[in-house]
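**Q** could you look at this predicted model? Sequence included:
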Amino acid sequence: MDEISVTTDQSTLHEDSIAIEERKKSIEERSDNEIQKSIDAVNVQLSKTKFFLVILALIISLAMSSLDISIVATALPTISNQFRSKDEYTWVITAYMLGNTSFQPMFGKFSDIFGRRPNMIFALVLFAVTSALCGAAKNIKMLIIARGFQGIGGGGILAMVNVIIADIVPLRKRGIYMGVVGAVFAFSSVIGPLVGGFFTDKLSWRWAFYINVPVGVIAVIVISLFVNIPTPPGSMMEKIKRIDFLGTFLLVATVVSLLLGLSWGGSKYPWSSATIILLFVGFAIGFTIYLIVEWKFAKEPLTPFQIFKNRNVGLSLFISFTLGITFLGFGNTIPLLYQDGRKISATNSGLRLVPQSFFISIANIGSGFLIGKYGYVERYMSVGALGLIVTSYLITLIGVDSSYLFEVFPLSLFGLAVGLIMQNTILVTQQSAEKKFLAIGTTLNNFFRLIGGVFGVTLIGAIISNEFPKYYAEEYPGKIVTVNDIHDIPGGEAIYTKAIQTSYRAILIPGAVLTLILTLLYGFIPAIGNRKKERKMNEEKLKNMTETKEKNKDIEIDIDKTPNPNNDSPNITEISIDEHKRS
């Protein structure tokens, strides 16, 4: 048996040895550079002036749409009196929420088909036009219909603001801007009743809607001129053919059925009524058909199931849902405690929630900055979830005679906890999902959070309705009352407060616990997650590359040499690795 020595070309070996030495000297630096490269990645470059104008337009647009969620709360009594409609006025709020929530996923998908700028402009124009129609409404039905379409525009604005920011802001700074978005949303929602009350008292409730028109026009101009994000290729007809019309219809119909069932159950209709049962049955059947259509038949599904295969994305969506239960469930019911349980005016109720909004803003922006600089997003979210558990318990202690100082502390901590989670679920989704799923993943986070909020409000309301008569019967045996009798019976306010405390213990605390568990299940998150773990992974990858190169320096292969009858084979042959592979 002869030994054949297989060696590489000397010049190639020399170049490889230099590269190997360089890798050995800079493994840790290159690992950090890989992280930094991901952090600084950005799709669209804008000048500083254009960037500032676009961000300003986005923030103003978001503030405008967020204000309109609650701006009519203090104007509703005036509106109902003017239109003489006491039984339909609540639809002014409900219609907006239906449109705002139901169409969130559509804007994410349509932005992939038609482009970011056209979708944002469409949402702004729709919002501005329907705001004018709301202000000009001649009767309650016209106002309700206009509010429904205004909600669609507002939902589109909320969806597209987060998507466009992901396109124009590098990851290092994106957390800060996402924090600003969350701060604007939270703060605008809280001061909405104050702004609505001001317009109602000083001018007219109609100006709560008219004010959106000039702001919307300015935003449309800025977005049209400066958001130069490339639109997807293809003719308009080709893009229209890509729309999942059946899936869109089914999703909207099922979400509306669910929201109506949750909103009407226990208030307008009993939970056991035929109307509520039919709505929930319709939701179950429609949603089942929707899943089948999206999975089996849709060529370009509205909700691609592949996005849920990513562990971090799936967890982020469910965290948004549980946070919605806790945060929005509390935010939409605490005014009941103040106004009905403690007879505090709507304006003062809004003022009492300002500290919460302030600390949501601080935590949103601060965590965004720290995550961009140091990473560890999952740790901030876990701390926030732990804070939610503690503060949810403290909130259940707020009673009829609680001092304002006693309330400020848990409300402020609650705001900090929410701020550490709210926008970071979107950040994790954008960093973990495939690039083609960025828009739909972003909008699904908003969608899940809003749906969670509806569940939270409904569950809290149902518990209050059930517990109030029980607690009253304990104090005054033999008397049958409902929650609607709160102001007509002795001790009604105190018992109502007790029922709210019970509902918070039953909903807020379990929701916060579930949020904490989900944050602890996160896997590896590139660039914004565990930097130490990512550095170690990159080091191992580079070391493996190094070891492979070193092994290729001197490869000796023993080959059984078969005697050649012509005896013309050399005893020792030097060939290159490439030649050996080809042979």
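**A** Structure received. Numbers count the residues shown, from 1 in each chain.
**Q** from here on, contacts and neighbour counts on C-alpha atoms
**A** Fine.
**Q** might one say that residue 365 is in contact with residue 175?
**A** Yes - between residue 365 and residue 175 there is a contact at 7.3 Å, judged by Cα atoms under 8 Å.
**Q** point out where this structure drops to low pLDDT.
**A** Scanning the chain for pLDDT under 70 picks out the ranges 1-46, 85-89, 267, 346, 527-583.
**Q** tell me where it has strands.
**A** 4-7, 554-557 (DSSP state E).
**Q** so this structure: which segments form each domain?
**A** 4-39+534-582, 46-237, 245-295, 303-521 (automatic domain parsing).
**Q** ok, how many other residues are close to the residue lying closest to residue 195 once chain neighbours are set aside?
**A** Nearest residue to residue 195 in three dimensions, chain neighbours excluded: residue 71, at 6.4 Å (Cα to Cα, 6 or more residues apart in numbering). The tally of other residues near residue 71 (other Cα atoms under 10 Å) stands at 28.
**Q** report the contact partners of residue 71.
**A** For residue 71, the contact set (Cα atoms under 8 Å, 6 or more residues apart in numbering) comprises 189, 191, 192, 193, 194, 195, 196, 197, 208.
**Q** save these as JSON lines, and put in distance to residue 113 and neighbour count too.
**A** As requested, these are exported to JSON lines (distance: Cα to Cα, whole Å; neighbours: other Cα atoms under 10 Å):
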{"residue": "189", "distance to residue 113": "31", "neighbour count": "22"}
{"residue": "191", "distance to residue 113": "36", "neighbour count": "21"}
{"residue": "192", "distance to residue 113": "34", "neighbour count": "25"}
{"residue": "193", "distance to residue 113": "37", "neighbour count": "26"}
{"residue": "194", "distance to residue 113": "39", "neighbour count": "24"}
{"residue": "195", "distance to residue 113": "37", "neighbour count": "21"}
{"residue": "196", "distance to residue 113": "37", "neighbour count": "26"}
{"residue": "197", "distance to residue 113": "41", "neighbour count": "23"}
{"residue": "208", "distance to residue 113": "34", "neighbour count": "24"}
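**Q** which of the residues you listed sits closest to residue 428?
**A** Using Cα to Cα, residue 189 comes nearest to residue 428 of the contacts of residue 71, at 24.3 Å.
**Q** residues in contact with the closest one?
**A** Residue 189 touches 66, 67, 68, 69, 70, 71, counting by Cα under 8 Å, 6+ apart.
**Q** please apply the same query to residue 345.
**A** 338, 339.
**Q** distance of it from residue 352?
**A** Look at residue 345 and residue 352: by Cα to Cα, to the nearest Å, they are 11 Å apart.
**Q** count of residues packed around residue 239?
**A** Neighbours around residue 239, by other Cα under 10 Å: 15.
**Q** going forward, count from 30.
**A** Taking 30 as the first residue, the last one we looked at is residue 268.
**Q** looks like it contacts residue 143 (just checking).
**A** Yes - Residue 268 is within contact range of residue 143, at 6.8 Å (criterion: Cα under 8 Å).
**Q** out of residue 394 and residue 204, which sits in the busier spot?
**A** Neighbours per residue (other Cα under 10 Å) separate residue 394 from residue 204, with residue 204 holding more: 30 against 23.
**Q** contacts only, for the more buried one.
**A** Residue 204 sits in contact with 394, 396, 397, 398, 400, 401, 453, 456, where contact means Cα under 8 Å, 6+ apart.
**Q** let's see 7 Å
**A** With contact taken as Cα atoms under 7 Å, 6 or more residues apart in numbering, residue 204 is in contact with 397, 398, 400, 401, 456.
**Q** and residue 422, by the same measure?
**A** Residue 422 sits next to 534, 538 when contact means Cα under 7 Å, 6+ apart.
**Q** excluding its backbone neighbours, what's nearest residue 226?
**A** Residue 226 sits nearest to residue 103 (Cα to Cα, 6+ apart), 5.3 Å away.
**Q** so that neighbour sits against residue 222, correct?
**A** Yes - Residue 103 is in contact with residue 222 according to Cα atoms under 7 Å; the separation is 5.4 Å.
**Q** what separates the closest residue to residue 384 other than its chain neighbours from residue 433, distance-wise?
**A** In this structure, residue 384 finds its nearest non-sequential neighbour in residue 441, 5.6 Å apart by Cα to Cα, 6+ apart. Per Cα to Cα, residue 441 is found 12 Å from residue 433.
**Q** phi and psi next, for residue 104.
**A** Dihedral pair for residue 104: phi -90, psi -10, per degrees, to the nearest 10.
**Q** any idea how many residues pack against it?
**A** Neighbour number of residue 104 under other Cα under 10 Å is 23.
**Q** what do you get for the one 4 residues further on?
**A** When neighbours are defined as other Cα under 10 Å, residue 108 has 22 of them.
**Q** could you do residue 546 as well?
**A** 14.
**Q** I'd like to know how far it sits from residue 409.
**A** 14 Å.
**Q** how about residue 473?
**A** Separation of residue 473 from residue 409 (Cα to Cα): 22 Å.
**Q** over to residue 285?
**A** For residue 285, the distance to residue 409 - Cα to Cα - is 34 Å.
**Q** kindly report the same for residue 527.
**A** Distance from residue 527 to residue 409, by Cα to Cα: 33 Å.
**Q** then residue 197?
**A** Counting by Cα to Cα, the gap from residue 197 to residue 409 is 24 Å.
**Q** and if you look at residue 503?
**A** Residue 503 is 44 Å from residue 409, by Cα to Cα.
**Q** repeat that for residue 368.
**A** 34 Å.
**Q** of these two, which one has the most company?
**A** residue 409 (22 against 16).
**Q** give the contact list for that one.
**A** residue 449.
**Q** helices of the stretch 380-529 of the chain, start to end?
**A** With DSSP state H, counting those that start in this stretch as the criterion, the stretch 380-529 of the chain has helices at 383-403, 406-424, 433-448, 453-461, 467-504, 521-548.
**Q** what angle sits between the shortest one and helix 467-504?
**A** Using axes from the mean of the first three to the mean of the last three Cα atoms, to 10 degrees, one finds that helix 453-461 and helix 467-504 are set 150 degrees apart in direction.
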